[in-house]
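Novice: mind folding the following:
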Amino acid sequence: VNMKKIAIVASGLLWATGIFADGISSDVVGYTTKDAPQGKFLILNAPFNNLNAEEKVINGLIGGVEGVDYDDDNLWMITATQVQVPDEKGYTTYFYLNDGWVSDGVYKPGWCDAGGNIVDGTITSMLGFWFKSVPSAAMVKCSGSAPTNSQASILSPAVFSLRGNAFPVPIKLNSELMTVEGITGVNYDDDNIWMTTAPQIQVPSEKGYTTYFYLNDGWVSDGVYKPGWCDAGGNIVEDVIEIGQGFWTKGVTGPFKLVFKNNLSGSELDGDK
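Specialist: This next block holds a predicted model:
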């Protein structure tokens, strides 16, 4: 079977995957990489499934990091690379050890719980998560198989929540790759009250976050307005959320659903494959 190799490089993210000529297959594999400065928290997303375990098991899904050794004084909990995954109580934290406990006398490198035990913990699809490389700068890598379902959706509540694309493709805002259902937009006003009352998406940037607001009457061109995600000027945007990038949502006016489309066989952003 002939395969194509695709590489997308944008804002420090790299994705390389094989795609069968006849479309999306369960054999599609790939990876994302992200520069991780030492000691800095990043918001990431895992758009692949683990090749050798359950769908999103962290060991075998997130790699490319430097480990530290376990010690009885628990200094490793401060010095080890971390992944913090949202849960019902806040976050579940995993630490990367060189000598995670497997069984009596058996140790190996990998993601561990707060007791230093190798875990089979998972990262829920479409949840963003925090990543922090503590020992040194790293090139964190998420690798695995690409999901094969045609679309996926997740609820975004009224409060801030970490979210991420279900599929390893870039998202152009206000495109079919990420649509919304059940959202309550607000109208633009000259006093900028809409900036506090509109639903939001906040995407990490070099300066902090870029915030987008959902208006009922976003500006397209002179005399032309439509509902959609807008910049701080109230203008409909076509900005792109890169592959593997997590982001915040805040429903503000109420919960809404994000619907992601699987477009691995022909994304408008990929160019000529």
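
Novice: now for the helix or strand harbouring Val259, which elements pack on it?
Specialist: Val259 belongs to strand 256-261 when assigned by DSSP states H and E. Packed against strand 256-261 by the contact rule (3 or more Cβ pairs under 8 Å, 6 or more residues apart in numbering; DSSP states H and E) you find strand 151-156, strand 178-181. C-betas here are computed from N, CA, C, even on glycine.

Novice: the shortest one pairs with which strands?
Specialist: Looking back up the chat, that one is strand 178-181. strand 256-261 (antiparallel) (DSSP bridges).

Novice: ok, and what's touching the strand it pairs with?
Specialist: Residues from elsewhere that reach strand 256-261 (Cβ atoms under 8 Å, 6 or more residues apart in numbering): 126, 150-156, 163, 165-167, 171, 176-184, 199, 249.

Novice: the same query, at a cut-off of 10 Å, please.
Specialist: Applying Cβ atoms under 10 Å, 6 or more residues apart in numbering, the contact partners of strand 256-261 are 47, 125-126, 147, 149-158, 163-167, 169, 171, 175-185, 199, 201, 214, 249, 251, 267.

Novice: on that earlier part again, pLDDT averaged over the strand holding Val259 - what is it?
Specialist: Averaged across strand 256-261, pLDDT comes to 97.

Novice: next, the angle strand 151-156 makes with it.
Specialist: 160 degrees (axes from the mean of the first three to the mean of the last three Cα atoms, to 10 degrees).

Novice: CA-only coordinates of strand 256-261 in CSV, if you can.
Specialist: As requested, the backbone C-alpha atoms of strand 256-261 are provided in CSV (Å, rounded to 0.1, in the frame of the first residue of the first chain):
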residue,chain,number,x,y,z
PHE,A,256,-22.3,24.9,25.2
LYS,A,257,-21.0,22.0,23.2
LEU,A,258,-17.8,22.0,21.1
VAL,A,259,-18.1,19.7,18.0
PHE,A,260,-14.9,18.6,16.3
LYS,A,261,-14.7,17.2,12.8
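
Novice: for this structure, what spans make up the helices?
Specialist: In the chain, the segments counted as helices under DSSP state H are 76-79, 194-197.

Novice: who touches the first one?
Specialist: The set of residues external to helix 76-79 that reach it, using Cβ under 10 Å, 6+ apart, is 67-71, 93, 95-99, 112, 114, 116, 134-135.

Novice: give the buried subset of the residues you listed as a PyMOL selection command.
Specialist: Applying 16 or more other Cβ atoms under 10 Å to the contacts of helix 76-79 leaves a buried subset, and the PyMOL line that selects it is:
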select buried, resi 67+68+70+93+95+96+97+99+112+116+134
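
Novice: wait, which of the contacts of helix 76-79 is closest to Leu51?
Specialist: Ranked by distance to Leu51 (Cβ to Cβ), the contacts of helix 76-79 are led by Tyr96 at 19.0 Å.

Novice: who's Tyr107 bridged to?
Specialist: Beta-bridge partners, per DSSP bridges, of Tyr107: Trp101.

Novice: quick check: it vs Ile43, distance?
Specialist: Distance of Tyr107 to Ile43, given as Cβ to Cβ, to the nearest Å: 31 Å.

Novice: same drill for those two, tell me which one is more crowded.
Specialist: Ile43 (20 against 16; other Cβ atoms under 10 Å).

Novice: residues touching that one, list them.
Specialist: 84, 128-131, 162-164, 202-204, 209, 245-248.

Novice: how about those, which pair is most distant?
Specialist: Greatest spatial distance in the contacts of Ile43: Gln84 and Val203, 18.6 Å, computed using Cβ to Cβ.

Novice: give me the number of residues near Asp113?
Specialist: 15.
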